[in-house]
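1. sequence plus predicted model, see below.
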Amino acid sequence: MDNLTPDQRRLNMTSIRSKNTTPELVVRALVHRMGFRYRLHASNLPGKPDIVLPRLSKVVFVHGCFWHVHKCPYGQVVPMTNTNYWQSKRLSNVKRGFAQTAALKKAGWQVLIIWECQTRNIGKLKTKLERFLGSLHPT
């Protein structure tokens, strides 16, 4: 049973953003502090990646654990109401994400997916980004 009324649930769901989410802002700030400059949400690329580094041919997606069915506890939550609809929607997000990643790789882009839960540990996140992006100033 849902704890919210249909109007409350509607308001809640309409307030969920697809761009400029808190996890995305965390990743963007970290990449910027590392000295990299990037484009945002390039509409000319499959999936409109959250962060695009054209000179490096690299893109970064910041996925919400719930919406993209991550294997962490946040992604394994099953909605209690309208379950079939939401599970179908979430699984279509996953399928579309695989297709977009494949299209980007085929076009010569390297792809990194950062999960929302990974933005909670800045140290590990920075290490992951450094491995993917390399060093701005090689020694």
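-> That came in fine, so what should we check first? Numbering: from 1, shown residues only.
2. list the buried ones in stretch 117-137?
-> Buried residues in stretch 117-137, counted by 16 or more other Cβ atoms under 10 Å: Cys117, Gln118, Thr119, Leu125, Lys128, Leu129, Phe132, Leu133. (Glycine included, C-beta is placed from N, CA and C.)
3. quick one: that stretch to chain centroid distance?
-> Put simply, stretch 117-137 sits 14 Å off its chain's centre (Cα atoms, centre = their mean, to the nearest Å).
4. residues contacting it, please?
-> Here stretch 117-137 makes contact (Cβ atoms under 8 Å, 6 or more residues apart in numbering) with 22-23, 26-27, 30-31, 34-36, 53, 56, 58, 60, 62, 65, 70, 72, 74-75, 110, 112, 114.
5. before we move on, back to that, can I get the buried residues of stretch 117-137 in TSV with distance to Pro49, pLDDT and secondary structure?
-> Putting the buried residues of stretch 117-137 into TSV (distance: Cβ to Cβ, whole Å; pLDDT from 0 to 100; DSSP: H, G, I helix; E, B strand; the rest coil) gives the following:
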residue	distance to Pro49	pLDDT	secondary structure
Cys117	19	96	helix
Gln118	17	97	helix
Thr119	16	96	helix
Leu125	17	97	helix
Lys128	16	97	helix
Leu129	14	97	helix
Phe132	13	96	helix
Leu133	14	95	helix
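6. in helices, which of the contacts of stretch 117-137 appear?
-> Those of the contacts of stretch 117-137 mapping onto helices are Thr22, Pro23, Val26, Val27, Leu30, Val31, per DSSP state H.
7. can you tell me what sits against the lengthiest helix in the chain?
-> As assigned by DSSP H, the longest helix anywhere in the chain is helix 83-106. Here helix 83-106 makes contact (Cβ under 8 Å, 6+ apart) with 45-47, 49, 59, 61, 63, 66-69, 78-79, 111, 113.
8. ok, the residues you listed vs Gln8, which is closest?
-> Using Cβ to Cβ, Pro79 comes nearest to Gln8 of the contacts of helix 83-106, at 14.8 Å.
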